[in-house]
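*Asks:* Fold the stuff below for me.
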Amino acid sequence: VEPSPPSPAVAHRYVTLWITVDSGSAHLIAEGRGLLVPRRDGFWWVDLRYYADTTTVPNVYRYERSIDTVVVGPAMNGRPVLAAVPPADSMSCEFNKWATVRFVGSDYLTVTDQYYTDCWMHPDAPTETRTLALPGARAFDSLFAAPQQAALERRLARVRDSLQAIADTITEECVPMPTGKWAVTRAFGRWALSGTADSPHACDNQYEEFDAGIALPRAVVGANQLVPAVDIIRRIVPNAADAISSPQGDVVVVSTKSDSLLVYAVTQTGLGRLLGAFRGAGDLVMAQWAVGRFVPAWTAQVSTLLRQ
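*Replies:* As a prediction, the model looks like this:
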């Protein structure tokens, strides 16, 4: 989860909670900073590192920058570090880049980079959302078969035509236009595939996202069906902000706008008994479930790793 509201100047904005359900109750076994991700070759860390510096050339310029950078690495090697300081450039203005992790799976992660500057010399696309493959995984775009690629092209064309019609009607050159990039994002109760649209730098860098209209591959997000339905959850938990179900559909975890995590049993008619409640929800960016033979393996490792 990402604690809300996030603070860009904090080195670790993400927290992993290790929750178990047994004997009719949910238990918070451990929590730790960073995102602990199970992969085929063991657990990995995904986290942010914050970097800031000031470069001054007397009577020429003062260059200030602060940058969030995503770092990943096998947990067996300890916490990942910033491998190299990002190179500076010669632009004489303040430059900030905040990174937000939007989704983390076993092989892919989504990051939104937001750029803030006080001059016209920096990139024309100050907000960029990308889904990246973790080391050893196939490129994200290669996961979509020909029929899915064709569907995405049709969706892109419809969005482009719709936005262009708006721009033509109001003779407005600053209506955001699709970038042709796709990324995994979060909607209530599910992971979604979204496209992005932006406008030129001269138009204040407007940025929007739109639904792609096709299902995400299971290889990326795993089980992606909410049980019970959204309206049933909101009837019982009016301030629900998000929810995610176990692969078997017998447990659902609900995050609330009051920053709590509520764990419920699921019955044939909806939400069952409340199994546990925990503080510190924030935005859900990852959900991993251990079942069957993986339970003892995770139990033996997760608590220790979260204490690193």
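
*Asks:* Please count neighbours and contacts with C-alpha atoms only from this point.
*Replies:* Will do.

*Asks:* what distance separates the biggest helix by length in the chain from the centre of its chain?
*Replies:* Secondary structure of the chain per DSSP state H: the longest helix is helix 146-169. Average the C-alpha atoms of helix 146-169, do the same for its chain, and the two points are 25 Å apart (Cα atoms, centre = their mean, to the nearest Å).

*Asks:* repeat for stretch 24-36
*Replies:* The mean C-alpha position of stretch 24-36 is separated from the chain mean by 19 Å, Cα atoms, centre = their mean.

*Asks:* how many other residues sit next to residue 157?
*Replies:* 14 (other Cα atoms under 10 Å).

*Asks:* Kindly report the same for residue 297.
*Replies:* By other Cα under 10 Å, 11 other residues sit near residue 297.

*Asks:* quick one: it is in a strand?
*Replies:* No - with DSSP: H, G, I helix; E, B strand; the rest coil as the criterion, residue 297 is located in helix rather than a strand.

*Asks:* mind checking how far it is from residue 79?
*Replies:* Look at residue 297 and residue 79: by Cα to Cα, to the nearest Å, they are 20 Å apart.

*Asks:* do the same with residue 142
*Replies:* In terms of Cα to Cα, residue 142 sits 30 Å off from residue 79.

*Asks:* between the two, who's got more neighbours?
*Replies:* Neighbour totals were compared for residue 142 and residue 79, and residue 79 leads with 17 against 9 (other Cα under 10 Å).

*Asks:* Chain neighbours aside, what residue packs nearest to that one?
*Replies:* Take residue 79 and drop its neighbours on the chain: the residue closest to it by Cα to Cα, 6 or more residues apart in numbering is residue 45, 6.8 Å away.

*Asks:* all strands of the stretch 1-150 of the chain, in order?
*Replies:* 15-22, 25-33, 35-39, 42-57, 61-74, 95-104, 108-117, 127-133 (DSSP state E, counting those that start in this stretch).

*Asks:* Those into CSV, with extra columns for distance to residue 214, mean neighbour count and mean pLDDT?
*Replies:* CSV is the format used below for the strands of the stretch 1-150 of the chain (distance: least, Cα to Cα, whole Å; neighbours: other Cα atoms under 10 Å; pLDDT from 0 to 100):
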stretch, distance to residue 214, mean neighbour count, mean pLDDT
strand 15-22, 29, 17, 93
strand 25-33, 33, 16, 93
strand 35-39, 26, 22, 95
strand 42-57, 27, 17, 80
strand 61-74, 28, 18, 76
strand 95-104, 18, 22, 86
strand 108-117, 18, 19, 86
strand 127-133, 16, 20, 91
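
*Asks:* that older thread, helices and strands around the longest helix of the chain, which ones?
*Replies:* strand 177-187 (3 or more Cα pairs under 8 Å, 6 or more residues apart in numbering; DSSP states H and E).

*Asks:* Could you list every helix and strand that the strand it packs on packs against?
*Replies:* With contacts taken as 3+ Cα pairs under 8 Å, 6+ apart, strand 177-187 sits against strand 95-104, strand 108-117, strand 127-133, helix 146-169, strand 190-198.

*Asks:* Mind listing what's buried along the last one?
*Replies:* Spelled out, that is strand 190-198. 190-198 (16 or more other Cα atoms under 10 Å).

*Asks:* orientation of that strand relative to strand 95-104 in degrees?
*Replies:* 150 degrees (axes from the mean of the first three to the mean of the last three Cα atoms, to 10 degrees).

*Asks:* Can I get the following helix or strand past strand 190-198 in CSV, CA atoms only?
*Replies:* Moving toward the C-terminus from strand 190-198, the next helix or strand (DSSP states H and E) is strand 207-211. Included here for strand 207-211 are C-alpha records, laid out as CSV according to Å, rounded to 0.1, in the frame of the first residue of the first chain:
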residue,chain,number,x,y,z
TYR,A,207,-2.9,14.7,-18.8
GLU,A,208,-5.7,12.2,-18.9
GLU,A,209,-6.2,8.4,-18.7
PHE,A,210,-8.9,6.3,-20.4
ASP,A,211,-10.0,2.7,-20.2
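
*Asks:* Next SSE downstream of strand 207-211?
*Replies:* Criterion used, DSSP H and E; the element after strand 207-211 is helix 218-221.

*Asks:* Can you name the residues in contact with that following helix?
*Replies:* For helix 218-221, contacts defined as Cα atoms under 8 Å, 6 or more residues apart in numbering pick out 105-108, 191, 224.

*Asks:* gap between it and the chain center?
*Replies:* For helix 218-221, the distance to the chain centre is 14 Å (Cα atoms, centre = their mean).
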